[in-house]
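> how would this look folded up:
(one chain, ligands or ions: 1)
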Amino acid sequence: MEEGWVVVGLDTGGTCNNATVLHSSGRFLVDALVETPSRVLEGPQVAIEALAEAFDNVLSLTGVPRQSVRAVGFDTPGPATADGVISRRGATNFSAPDWHGFDFRSGLQDRLGLPVVYNNDGNAAALYAHHAHFGMIASERSSVAAVVGTGLGGGIVESGNVVKGAAGMAGEIGHVRIPLDGVLADDQPVPACNCGQYGDAESVASLTAIGKNLLPYWLGRYPDHPLAALPVATAAKQVRGYAERGDELATKVFEQQAMALGRLFTIIANITDPAAYFLGGGVVETQPHLRTWFLEQVRTHTTLREEQAEQATFALVPHLDMAGARGAAIGALSAVHPL
Ligand SMILES: [Zn+2]
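Numbers count the residues shown, from 1 in each chain. Sure thing, here's the model as predicted:
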């Protein structure tokens, strides 16, 4: 290995761990996805061992000696505190009672004997998008990232650092309520979110929203649509494929999602006035014509002042499958060696 030191990025999810190595010069030593089973269903101790294996594995893959590692960046799906304590009420991926209130970051730190720097997965993806886009000038720029998946995650980056907040809950952009006039059809019910609110961004712009809110409404308008014959959870996942083929119902669903994201970005424009608006998730892992159209729709529905529009960039989050591990590593590098 070249001179210098490294940080390791570890991303854990419901099924897989993904690992990467980031050199102190800012270069990633791993180009591909390095996935191993996360074993989170078997409880905290087994999951920590699985992460330790992922750590050893990525070091041997890159030929980096353990003593070159200064810190570990670690990210998980939320909800968790800013220090990586899983919510006391549990979380979708950490539902067993052992996980409730479990200090995942400290557990991993004790096991590895190295400083572990935590970010939630939305914040890690936001950090990666920001640094991949801005490179050397990352510390002089701000951005917001929205990642449309099962829920609507993301994060807010200011001067190259993610905004975490007092309780670690800053940048929970999915649960910001948005104006819905013009987004919903006249007879469309105001959608509910899993968080208990009505009409927040996630209640429209997420896979959960398609299954719970958008698809049931639009299938009522298109009762002969082939998706009407499927269980709603299966049908929700197929909307994307239909949209790629130009299907009318699927296009309406995506139009509503793009509009909701534009309304959300409009709110954020008035709070942090970011230089870049990033979009990631299933919705943009589609055929180029659909994702280009979708990004353009989001941009159209984001209302910016003229001065802001001259500054603002709209872009997709690159390498989304690696964004968690890479963003976690960037978080650790910034902690060891502040921007
Ligand atoms: Zn919500």
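> who's in contact with K252?
W218 (C-beta atoms under 8 Å, 6 or more residues apart in numbering). (Glycine included, C-beta is placed from N, CA and C.)
> and the helix or strand it falls within, is it in reach of the ion?
Taking DSSP states H and E as the criterion, K252 maps to helix 248-269. No - figure legend: helix 248-269 not in contact with the ion (C-beta under 5 Å from the ion); closest approach 11.6 Å.
> Just after that helix, pick out the following helix or strand.
Next along the chain after helix 248-269, taking DSSP H and E as the criterion, comes strand 276-281.
> Which residue, other than its chain neighbours, is closest to the closest residue to the ion within the stretch 1-150 of the chain?
The ion sits closest to P79 of the stretch 1-150 of the chain, with a gap of 11.3 Å, by C-beta to the ion. Nearest residue to P79, sequence neighbours excluded (C-beta to C-beta, 6 or more residues apart in numbering): S87, at 4.2 Å.
> Also G262?
Per C-beta to C-beta, 6+ apart, closest to G262 is H301, 2.5 Å.
> coming back round to it: what's the burial count for the residue nearest to P79?
15 (other C-beta atoms under 10 Å).
> give the contact list for it.
G78, P79, A80, T81, H100, G101.
> who touches the first one in this structure?
By C-beta under 8 Å, 6+ apart, G78 lies in contact with S87, A91, N120, D121, G122, G153.
> Enumerate every residue touching the fourth one.
With contacts defined as C-beta under 8 Å, 6+ apart, D121 is in contact with D11, G13, D75, T76, P77, G78, G153, G324.
> want to try a markdown table for these, with pLDDT and distance to L108 as columns?
Conversion of these to a markdown table gives the following (pLDDT from 0 to 100; distance: C-beta to C-beta, whole Å):
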| residue | pLDDT | distance to L108 |
| --- | --- | --- |
| D11 | 97 | 12 |
| G13 | 90 | 15 |
| D75 | 97 | 11 |
| T76 | 95 | 10 |
| P77 | 89 | 15 |
| G78 | 80 | 16 |
| G153 | 92 | 21 |
| G324 | 94 | 15 |
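> Among these, which ones are in helices?
G324 (DSSP state H).
> Closest one to Q308 out of the contacts of D121, please.
Distances from Q308 to these, taken as C-beta to C-beta, are shortest for G153 (24.0 Å).
> N119 is in contact with that closest one, correct?
No - assessed by C-beta atoms under 8 Å, G153 is found out of contact with N119, at 11.5 Å.
> Comparing these two, which shows the higher neighbour count?
Taking neighbours as other C-beta under 10 Å, G153 and N119 compare with N119 leading, 30 against 27.
> hang on, the more buried one in a strand?
Yes - assigned with DSSP: H, G, I helix; E, B strand; the rest coil, N119 falls within a strand.
> Tell me how far it lies from F102.
The spacing between N119 and F102, counted by C-beta to C-beta, to the nearest Å, is 17 Å.
> what about I48, neighbour count?
Neighbours of I48 using other C-beta under 10 Å come to 20.
> pretty sure the residue nearest to G262 is touching A258, no?
Yes - when contacts are counted by C-beta under 8 Å, H301 is listed as touching A258 (6.2 Å).
> Looking at those two, which one has more neighbours?
Each of H301 and A258 has its neighbours counted (other C-beta under 10 Å); A258 has more, 26 against 19.
> for the residue nearest to that one when sequence neighbours are not counted, what are its contacts?
Excluding the flanking residues, the one nearest A258 by C-beta to C-beta, 6+ apart is Q297, at 3.5 Å. Q297 sits next to F254, E255, A258, M259, G262 when contact means C-beta under 8 Å, 6+ apart.
> quick one: which helix or strand includes the closest residue to the second one other than its chain neighbours?
Which is E255. Nearest non-adjacent residue to E255, counting by C-beta to C-beta, 6+ apart: Q297, 6.5 Å away. Using DSSP H and E, Q297 falls within helix 288-300.
> which helices and strands does the next helix or strand after that helix pack with?
Later in the chain than helix 288-300, the nearest helix or strand by DSSP H and E is helix 306-311. The criterion is 3 or more C-beta pairs under 8 Å, 6 or more residues apart in numbering; DSSP states H and E, and there are no helices or strands that helix 306-311 contacts.
> got a list of contacts for helix 306-311?
Residues contacting helix 306-311 (C-beta under 8 Å, 6+ apart): A269, D273, A275.
> any chance of the residues you listed in CSV, plus pLDDT, distance to L249 and neighbour count?
Listed next are the contacts of helix 306-311 as CSV, based on pLDDT from 0 to 100; distance: C-beta to C-beta, whole Å; neighbours: other C-beta atoms under 10 Å:
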residue, pLDDT, distance to L249, neighbour count
A269, 98, 31, 19
D273, 98, 36, 15
A275, 98, 36, 19
